[in-house]
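**Q** Output the structure for:
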Amino acid sequence: MKKTYLYAGIAIFCWSTVATTCKLLLNELNSFQLLWMNSLIAGVFLLILNLCTGSFKIHKDYNLKDYLCMACIGLPGTLFYYVFYYLGTDIMPASQAFIINYLWPIMSVLFACVILKEKLTFKKILAIIISFVGVAIVIGGALKGFDKKTLLGAVYCILGAVSYGIFTALNQKKSYNKTMTLMVSFLATFVITTVINAFEGALFVPRIEQVAGFLWNGIFTVAIANAFWIMALEKGKTAKVSNLAYITPFLSSLWTSIFLDEKITVNSMVGLAVIVLGIFIQLNNKEKNA
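**A** Coordinates of the predicted model:
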């Protein structure tokens, strides 16, 4: 049990730094440039991880069609999710972007109903409505003043959450090895973003001071965080371990306050609490069904 919480704690800590590191890197890069480098590092690291753990041996069990299917399953989570999240983070406060992005558990529920044909219950509908009320509270000031920049950023972050919801539903539908799917998806994302950046003339060689940020993002917030989270879920009770994930946006707000000098607003904390309430309502619904 101690190992379970250790693994979950490492994943949560790594995830909580995403908003801060991305905002710093986005000061000089666009979303596709950032994802281009992050996906390369994440894909290569996951390849090394699969080789070291022996997971890569199962590649013989898959054919070309399987790898294409893995890429299609993974792209909503490794390409669209990150592009939308980076776009949102680039034009609005990082703490707000991260909080709105935490709609993804609710989006996972919604797309489980659409893709996996799960029943859409009253509790699920209530949880979705409550979570969107939380988003409205987070961007309350922008809604009142019709701040187009912040509202557009919120839309991008919601689209990112939608993308991740589709990704989780598709992953449940197919039973491919999770780390192999992530590896293939990030390498596919690297190829796609290479083409986009080459077309836009945006390919670049990272400066020395940027390398640390890319390595942290690619290895720790993507590869290691996901790998340790999978191990935590395998060793512990899913419901209990999943509850720990809700610490992440609160911890993220702390880092953005310290390193980006962003104020922790009452609106953001109340909105986040409401979003988490919606998620807990749905989690309670799942446990009763189980």
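
**Q** what residue ranges in the protein score low on pLDDT?
**A** Applying pLDDT under 70 to the chain flags residues 1, 141-146, 233-243, 282-290.

**Q** That one: strands as residue ranges?
**A** Using DSSP state E, no strands are found in the chain.

**Q** buried residues in the longest helix seen in it?
**A** Counting residues, the longest helix found in the chain (DSSP state H) is helix 148-173. Buried positions in helix 148-173, judged by neighbour count with 16 or more other CB atoms under 10 Å: 150-151, 153-154, 156-171. To be clear about C-beta, it is placed using only N, CA and C from the backbone, and glycine gets the same treatment.

**Q** residue ranges for the helices of the stretch 51-200 of the chain, please.
**A** Remark: helices assigned in the stretch 51-200 of the chain by DSSP state H, counting those that start in this stretch are 64-75, 81-91, 94-101, 104-115, 122-138, 140-145, 148-173, 178-199.

**Q** Is it possible to get TSV of those helices that adds distance to Cys52?
**A** Formatted as TSV, these follow (distance: least, CB to CB, whole Å):
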stretch	distance to Cys52
helix 64-75	20
helix 81-91	25
helix 94-101	31
helix 104-115	29
helix 122-138	39
helix 140-145	46
helix 148-173	23
helix 178-199	11
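
**Q** Any idea which of the ones you listed gets closest to Phe250?
**A** Phe250 lies closest to helix 94-101 among these, at 9.3 Å (CB to CB).

**Q** Show me what that closest one packs onto, helices and strands only.
**A** If you count contacts as 3 or more CB pairs under 8 Å, 6 or more residues apart in numbering; DSSP states H and E, helix 94-101 packs onto helix 18-25, helix 81-91, helix 122-138, helix 148-173, helix 248-259, helix 266-289.

**Q** returning to that earlier point: which strands or helices does the longest helix of the chain pack on?
**A** helix 64-75, helix 81-91, helix 94-101, helix 104-115, helix 122-138, helix 140-145.

**Q** neighbours of Leu103, just the number please.
**A** Number of residues near Leu103 (other CB atoms under 10 Å) recorded here: 25.

**Q** so what's the residue nearest to it when sequence neighbours are not counted up against?
**A** Nearest residue to Leu103 in three dimensions, chain neighbours excluded: Ala161, at 3.8 Å (CB to CB, 6 or more residues apart in numbering). Residues near Ala161 by CB atoms under 8 Å, 6 or more residues apart in numbering: Ile100, Asn101, Tyr102, Leu103, Trp104, Ile106, Met107.
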